[in-house]
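Chemist: I'll drop the sequence and a predicted model, then ask my questions.
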Amino acid sequence: MHILETRNLKYSYNNDIEALKGINFIAGRKQKIAIIGANGAGKSTLFKHFNGILTPSSGEVLVHGEPISKSNLKEIRKTVGIVFQNSDDQIFSPTVEEDIAFGPTNLGLDEETIQHRVNETLRLLSIEHLRDRVPHHLSGGEKKRVAIAGVLAMEPQVIVLDEPTAGLDPRGVKDLIGFLNELPEKYGMTIIFSTHSVELVPEIADYVYVLDKGAIVAQGGVRDVFGNE
Ligand code: ADP
Ligand code: ADP
């Protein structure tokens, strides 16, 4: 069974422009999937359906084969974690540590487990030194890592990242590529990310969807879509 799937997903903002025009998307366990497309293609709109932030105008979104609904939304958000493009939308606590603890606390985990997860993700993202800092005072790259840590601390099975390298310097991009590549093998996670940096795709993804004006216009294994790069 696919961990995440959309069936003929259509979505219109204000019942006006059709931002998604019938998307059939699947993601399996441990896959690394890239979604590429120009600005306005519909990538963010699609991602917001993956954990129920947006509700389809028609069609379905399924997680572990179950359609997303009001009654399983909490469970879905444990399974699918989203890292937004703009880290400022995601970090709001007085310290980095509290920010990372926010998700696990909301899940109702005990204090010891929360501390353990906070420490683990701080280590994983090499941001232990930022533990007591004010998130809003950090650099773009540091904020991005805090936002990713906050999502990982919830231990989702799927992590969705919207333009994860936007605003990072080359070193930050390289670190992120290395880090993301470890997640499926180490933690059995599925990675879905969007980018308009095509050169990034073979560095991370094994499968790619090309989105244009709300429709999938190409898809395939990275080697099929990009040749033998
Ligand atoms: P294999 O096990 O042969 O390496 P997969 O099981 O990943 O390959 O894929 C089997 C078939 O499904 C292939 O045709 C592949 O292109 C396709 N496929 C793989 N991942 C996806 C995906 N996320 N969405 C749609 N089709 C996929
Ligand atoms: P991408 O992430 O690929 O840049 P988006 O999903 O942000 O694309 O946008 C897809 C389409 O939906 C665009 O035409 C965009 O203008 C429109 N759109 C996005 N967000 C909104 C919104 N909040 N209200 C109205 N239209 C929107």
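Modeler: That came through, no problem. Ligands and ions are numbered 1, 2, ... in the order given.
Chemist: Name the residues that touch whichever helix in the chain runs longest?
Modeler: Ordering each helix of the chain by length in residues (DSSP state H) puts helix 170-187 first. Here helix 170-187 makes contact (CB atoms under 8 Å, 6 or more residues apart in numbering) with 30-32, 124-126, 141, 144, 155, 159, 161, 164-165, 168, 189-191, 193, 200, 203-204. Backbone N, C-alpha and C define where each C-beta goes, glycine included.
Chemist: are any of the residues you listed buried, and which?
Modeler: Neighbour-count burial within the contacts of helix 170-187 applies to 30-32, 124-125, 141, 144, 155, 159, 161, 164-165, 168, 189-191, 193, 200, 203-204; the criterion is 16 or more other CB atoms under 10 Å.
Chemist: Keep only those of the residues you listed that are in helices.
Modeler: 124, 141, 144, 203-204.
Chemist: about what we covered before: contacting ligand 1 as well, which ones from the buried ones among the contacts of helix 170-187?
Modeler: Gln31 (CB under 6 Å from any ligand atom).
Chemist: Cross the buried ones among the contacts of helix 170-187 against strands and list the overlap.
Modeler: 32, 159, 161, 190-191, 193 (DSSP state E).
Chemist: any idea how far Ser126 lies from ligand 1?
Modeler: The spacing between Ser126 and ligand 1, counted by CB to the nearest ligand atom, to the nearest Å, is 30 Å.
Chemist: Could I get the contacting residues of that residue?
Modeler: Residues near Ser126 by CB under 8 Å, 6+ apart: 145, 175.
Chemist: same question, the one 4 residues further on
Modeler: Residues in contact with Leu130, defined by CB under 8 Å, 6+ apart, are 96, 122, 138, 142, 146.
Chemist: would CSV of those with secondary structure be doable?
Modeler: As requested, these are arranged in CSV below (DSSP: H, G, I helix; E, B strand; the rest coil):
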residue, secondary structure
Val96, helix
Leu122, helix
Leu138, coil
Glu142, helix
Val146, helix
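Chemist: what two of these have the greatest distance between them?
Modeler: Leu122 and Leu138 (13.4 Å; CB to CB).
Chemist: if we look at the worst-scoring helix or strand of the chain on mean pLDDT, which residues are touching it?
Modeler: Here the helix or strand of the chain ranked lowest by mean pLDDT, DSSP states H and E is helix 222-226, holding a mean of 83. For helix 222-226, the external contacting residues (CB under 8 Å, 6+ apart) are 34, 198, 201-202, 205-208, 210, 218-219.
Chemist: Repeat that for stretch 206-219.
Modeler: 18-25, 31-38, 40-43, 45-46, 201, 220-222, 225-226.
Chemist: May I see the buried residues of it?
Modeler: Those would be 206-211, 214, 216, 219, for stretch 206-219 by 16+ other CB under 10 Å.
Chemist: Quick check: the two most widely separated of those residues?
Modeler: Asp206 and Gly214 (24.5 Å).
Chemist: just to revisit the earlier point, near ligand 1, which of the buried residues of stretch 206-219 show up?
Modeler: Tyr207.
Chemist: Next one: the most centrally placed residue in the chain from Ile3, what distance?
Modeler: By CA atoms, centre = their mean, the chain has its centre lying nearest to Val160, at 1.4 Å. From Val160 over to Ile3 the distance is 12 Å, taken as CB to CB, to the nearest Å.
Chemist: Let me know the pLDDT of Asn228.
Modeler: For Asn228, the pLDDT comes out at 55.
Chemist: secondary structure class for Gly22?
Modeler: strand.
Chemist: what residues are up against it?
Modeler: By CB under 8 Å, 6+ apart, the neighbours of Gly22 are 8-10, 59, 215.
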